[in-house]
Each structure stands twice: as C-alpha cells, then as structure tokens.
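Student: output the structure for:
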Amino acid sequence: MAVAVGGLTALTLWSRPDPGPLDVAVAVLSLAAGMLQLWRPVGGALVATVLAVASPVATPAATTGALQVAWRTRFRTGAAVALAGVAAHLLQWLRYPNPSLGFDWWALLVTVAYGALLGWGTLARSHRDLVMSLRERARRAEAEQGRLVAEARAAERRGLAHEMHDVLANRLSLVATHAGALEFRPDAPPEKVALAAGVVRSGVHQALEELRQVIVLLREDEPAGSGGPGPTASDFEALVAETREAGQPVGVDGGLPWEEMPPSLGRTAFRVVQEGLTNARKHATGNEVAVSLSGAPGAELEITIVNDLAAPGTGPAAPGGGLGLVGLTERVRLAGGRLDHERIDGRFRLRARLPWPT
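Tutor: Next comes the predicted model:
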C-alpha cells in the first residue's frame, strides 16, 4: 500500500506544473490516509476524498480508498464512498479546471472511474466470500463424513459385541451344565464321564476363541451387550435365493462348510456376502453377480464378489452413503482379516480374507 499510493502520489505531484506547499502537504497527508485504509478503510478513504478537493495530488489515495471500501465492506457503504469521491473530484475541477477537457467530459470520466472501482471491489469481495463459503462447506462436509464413519464403526463394534455376548453365554452355560452333571454324578460310567469332559473341554476352547474377539472390542472402549449361533448352508442358500427372486442373477463358485466353521467366522463371512449382494442390488440392479468362496481350516477363507457396474443413464442408483462398507471393513478388521474393494474395467470387486483357525 505504501509503495503503490506513495509512488502514484509522487508521480502526480511531479506532474503538477507548479507544485506549492499545499500540494506537498496534501501529498504527505494522503499517504498517511492511504496507510490508514489498511485498518480503517472507510475513514481513510473519506480523509483522502476530502484532501482530493484541495489538490489533485490526493486522487491516488482517494481512488485506492474507494476500491478498499468496496472490497472490504458492504455494497451500500462502498457506493456512498464512491459518490463522495465523484462529488469531491467535481469540486476539484472547480479549483483546478482543465479547459481542454471540459466539465462534462471530466464528470463523465470521474463517474465511470469510480463506477469501475466500485464494481471491481464488489466483484472481488463476492469472489472472496464465495471461496470462504465453499471452504466452510467442504470443512463441514468432511467433519460430517468423519462423524458418520465413526458412528458406523462404533455401531458395527457394538453389534459384534452383542453377538459375542450371546455366543459366550451359550457356550459357558453348556459347559456349566456338563460340569454340573459330573459333579452331581461322580459315580457315572467312565465313558459318560469322558464324554462330558470332552464337551467341557471343547466348550471352553470355543469360548476362549470367542472371548478373544470380545477383548478386541473392549480395547476399542466399546461395551459388550443380540446374536446367536453361526449361519448354516441353508441360510446362505436362502440369501442367494432371495437375491435371485429380487431380479439379480447370482452365480456361486465354490462352497464353504458353514456348519463346521466357528460361529464368529461364519457370521463375518455371511455378513460379507450379504453386504456384497446388497450393494450389487442397490447400485447395479439386474447385472449378474459372481460370488466365489474358498478356504479351509488352518488356512485363509477368501470371499470375492464381482459385479458389472450400472451403465451411465440407465437409472438412478439407490440411496446410500457407503457406510455399509465402512462397517463391514471394521467387522473384518476386528476378526483379524482384511477387506478391499475397487472399481476396475467397469466392474466392482469386493474381496475379504479371513483367518480360519483349526
């Protein structure tokens, strides 16, 4: 500001045919008014405008002030300062007339100049406000998306904790029943005692496996709190049949011994297939879905679901914020596995890998 206003003021002073002490004093005061515009744009602009009546040397500071006011204040205030600038320069012509230009042309020139300054400043202010508004919207949208993702993860952890709670209760009650039978009938035949002891041992082993996942949830500071036994092959067939009845072709490659899988692993695998079919039904209605299942105890269980993406313009996609995949990723992570999804060559692929203990 100091360089711009100072340079233009000095150039105007130098171009005066016979500058006097008044012109020098106005030059110094207009430079101070230009600096004042940085903190008080309206006050600095009005001071420079008044000085412009006394000498043309203050014109750079007055016009700069009009631009500053238009840029940093409301339009009404900027228009008022611009009108004051026009009036000041019309009075300036009465003190320093220019016969070669004429009053009419001078009035037109001053009006156009201040109108351009007012429009330029208003446009710059509108652009600045728009950019700030877009940045604020982006910040709020990012914060809202982060909140929704956190809520989805928390809801998935709570759901897992509910399931583990019921499964543990079922396991431990079974163990307690057989242990109570051993205590109540110490004279039972050896084969029955061995059978009951085997049930107790197996139940404790499975309960410990379930407890491991509950501990993971507790480390996430989530309370444990409805679930049930693991899914069966008939549950999986019913899920596929339901999707086909909804008009979605489904092809299944491979199979899993659902009844032999640990309940927690079976529920997670079933949830992966369910979410994959749901996504295909919502976003690629009518396109064929390929489900591939493979794995064995002691190795890795792998589930891959692939479907063609809907062609552009074929119809609106069903509403959804993508939080189902967020929750599913959290569930698979808590089970010790990993899940990835991607769009490639016009197809959507969902793949989950889960550890399958022996």
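Student: in a strand, that's where residue 291 is, yeah?
Tutor: Yes. Using DSSP: H, G, I helix; E, B strand; the rest coil, the secondary structure at residue 291 is a strand.
Student: quick one: it and residue 269, what's the gap?
Tutor: 11 Å (CB to CB, to the nearest Å). C-betas here are computed from N, CA, C, even on glycine.
Student: common neighbours of these two, please.
Tutor: residue 303 (CB atoms under 8 Å, 6 or more residues apart in numbering).
Student: compare these two (neighbour count), which wins?
Tutor: Just comparing residue 291 and residue 269: by other CB atoms under 10 Å the higher neighbour count belongs to residue 269, 27 against 24.
Student: how about that one, what does it touch?
Tutor: 256, 261, 293, 301, 303, 352, 354.
Student: restricting to C-alpha, output the helix or strand hosting it in CSV.
Tutor: If you go by DSSP states H and E, residue 269 is part of helix 263-283. This file holds the C-alpha atoms of helix 263-283, laid out as CSV (Å, rounded to 0.1, in the frame of the first residue of the first chain):
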residue,chain,number,x,y,z
PRO,A,263,-19.7,-69.2,14.7
SER,A,264,-17.9,-65.9,14.7
LEU,A,265,-16.1,-66.6,11.4
GLY,A,266,-19.4,-67.8,9.9
ARG,A,267,-21.2,-64.7,10.9
THR,A,268,-18.5,-62.5,9.5
ALA,A,269,-18.3,-64.4,6.2
PHE,A,270,-22.1,-64.4,5.9
ARG,A,271,-22.1,-60.6,6.5
VAL,A,272,-19.6,-60.1,3.8
VAL,A,273,-21.7,-62.0,1.2
GLN,A,274,-24.8,-60.2,2.4
GLU,A,275,-23.3,-56.8,2.1
GLY,A,276,-21.8,-57.6,-1.4
LEU,A,277,-25.2,-58.8,-2.7
THR,A,278,-26.9,-55.8,-1.2
ASN,A,279,-24.5,-53.3,-2.8
ALA,A,280,-25.0,-55.0,-6.2
ARG,A,281,-28.8,-54.9,-5.9
LYS,A,282,-28.7,-51.2,-4.9
HIS,A,283,-26.1,-49.9,-7.4
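Student: okay, now residue 299: neighbour count?
Tutor: So residue 299, with other CB under 10 Å, has 11 neighbours.
Student: name the nearest residue to it, sequence neighbours excluded.
Tutor: Computed as CB to CB, 6 or more residues apart in numbering, the closest residue to residue 299 that is not its neighbour in sequence is residue 356, at 6.0 Å.
Student: and residue 285, how far is that from residue 200?
Tutor: Going from residue 285 to residue 200 by CB to CB gives 51 Å.
Student: between these two, who's got more neighbours?
Tutor: Counted by other CB under 10 Å, residue 285 and residue 200 do not tie: residue 200 has more neighbours, with 18 against 15.
Student: that one contacts residue 180, doesn't it?
Tutor: No. The pair formed by residue 200 and residue 180 falls short of the contact definition of CB atoms under 8 Å, at 10.3 Å.
Student: give the burial count for residue 264, as a bare number.
Tutor: 24.
Student: can you give me the pLDDT of it?
Tutor: Residue 264 carries a pLDDT value of 80.
Student: go on, the one 5 residues further on?
Tutor: At residue 269, the pLDDT value in this model is 90.
Student: how far away is it from residue 241?
Tutor: 18 Å.
Student: repeat that for residue 282.
Tutor: For residue 282, the distance to residue 241 - CB to CB - is 18 Å.
Student: who's more crowded, these two?
Tutor: residue 282 (14 against 11).
Student: any idea which helix or strand carries residue 341?
Tutor: strand 338-344.
Student: how far out from the middle of the chain is that strand?
Tutor: Distance, stretch centre to chain centre, for strand 338-344: 20 Å (CA atoms, centre = their mean, to the nearest Å).
Student: and the angle from that strand to helix 263-283?
Tutor: Per axes from the mean of the first three to the mean of the last three CA atoms, to 10 degrees, the angle that strand 338-344 makes with helix 263-283 is 20 degrees.
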